[in-house]
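K.L.:
Model the structure of this input:
(chains A and B)
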Amino acid sequence: AQSVAQPEDQVNVAEGNPLTVKCTYSVSGNPYLFWYVQYPNRGLQFLLKYITGDNLVKGSYGFEAEFNKSQTSFHLKKPSALVSDSALYFCAVKRNRGSTLGRLYFGRGTQLTVWP
Amino acid sequence: DAEITQSPRHKITETGRQVTLACHQTWNHNNMFWYRQDLGHGLRLIHYSYGVQDTNKGEVSDGYSVSRSNTEDLPLTLESAASSQTSVYFCASSESGLSYEQYFGPGTRLTVT
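P.N.:
The predicted structure is shown next:
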């Protein structure tokens, strides 16, 4: 089975503080991992992805994510949060082999609120 | 600029009616997807297509159908709308290949009364 877990429905952080949005995955084989952000009444926007190579991936708007194979995690991070980062964040995974090749599996999302 | 559009953006329909949601992309992507988003469930895959004349069922395909007659369009049809199909629907597209991300449309909010 393949799945993505975002253990926190909500994350609250003060502006200027570092933020982390957690994601763990469960797929067989090497995963392809993605983060998306959704602002109110909008579609999802791609933030970053891990395919191979360096475990620390940098993406849009100052976000980065760290791939940890032993912990099967792909946490999203930002050193200094902005109020404008407040949004719904989704982690997603693709399998790279098998009958469901290429399909994206999404977590349930984490609502990030950054207060001034 | 290339884009992916959905129409209508909002739709109210009655139970039992047939409804078609349009999705059009100008990226020239082979892969297209339909998702529904519901509170507490995240995004769930309804149908997807890897090219013209190719369609596949996702995890929540019952009551929905798609057809792919060209590269640009993947319309989603609700054969007989049910209240359980009240949701926000997103279309997405991507290039072929595992490493490519999906690009999402703005969504259609469908209410079935």
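K.L.:
Residue B:21: how many residues sit nearby?
P.N.:
Look at residue B:21: counted by other Cβ atoms under 10 Å in any protein chain shown, it has 22 neighbours. Any C-beta I mention is one placed from the backbone N, CA and C, and that applies to glycine too.
K.L.:
Also residue B:72?
P.N.:
17.
K.L.:
State the pLDDT value of it.
P.N.:
Note for residue B:72: predicted pLDDT of 97.
K.L.:
Low-confidence stretches in chain A?
P.N.:
Within chain A, the segments meeting pLDDT under 70 span A:1-2, A:96-102.
K.L.:
who in it is up against chain B?
P.N.:
By Cβ under 8 Å from any Cβ of the partner chain, the residues of chain A that approach chain B are A:32, A:34, A:36, A:41-46, A:49, A:51, A:90, A:94, A:96, A:101-104, A:106-109.
K.L.:
all strands in the chain, in order from the N-terminus.
P.N.:
Reading this off chain A. Secondary structure of chain A (DSSP state E): strands at A:3-5, A:10-14, A:19-21, A:24-26, A:32-38, A:44-50, A:56-58, A:64-68, A:73-78, A:87-94, A:104-106, A:110-115.
K.L.:
Not quite, go with chain B.
P.N.:
Using DSSP E, strands in chain B cover B:4-7, B:10-13, B:19-25, B:31-38, B:42-51, B:54-57, B:64-66, B:76-78, B:87-94, B:103-104, B:108-112.
K.L.:
Buried by neighbour count, from the residues of chain A next to chain B: which ones?
P.N.:
A:32, A:34, A:36, A:43-46, A:49, A:51, A:90, A:94, A:96, A:102-104, A:106-109 (16 or more other Cβ atoms under 10 Å in any protein chain shown).
K.L.:
before we move on, the earlier item: could the strands of chain B be laid out in CSV, adding mean pLDDT and distance to residue A:19?
P.N.:
CSV is the format used below for these (pLDDT from 0 to 100; distance: least, Cβ to Cβ, whole Å):
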stretch, mean pLDDT, distance to residue A:19
strand B:4-7, 96, 29
strand B:10-13, 97, 33
strand B:19-25, 98, 32
strand B:31-38, 95, 23
strand B:42-51, 93, 20
strand B:54-57, 94, 37
strand B:64-66, 98, 37
strand B:76-78, 98, 35
strand B:87-94, 96, 25
strand B:103-104, 94, 23
strand B:108-112, 97, 29
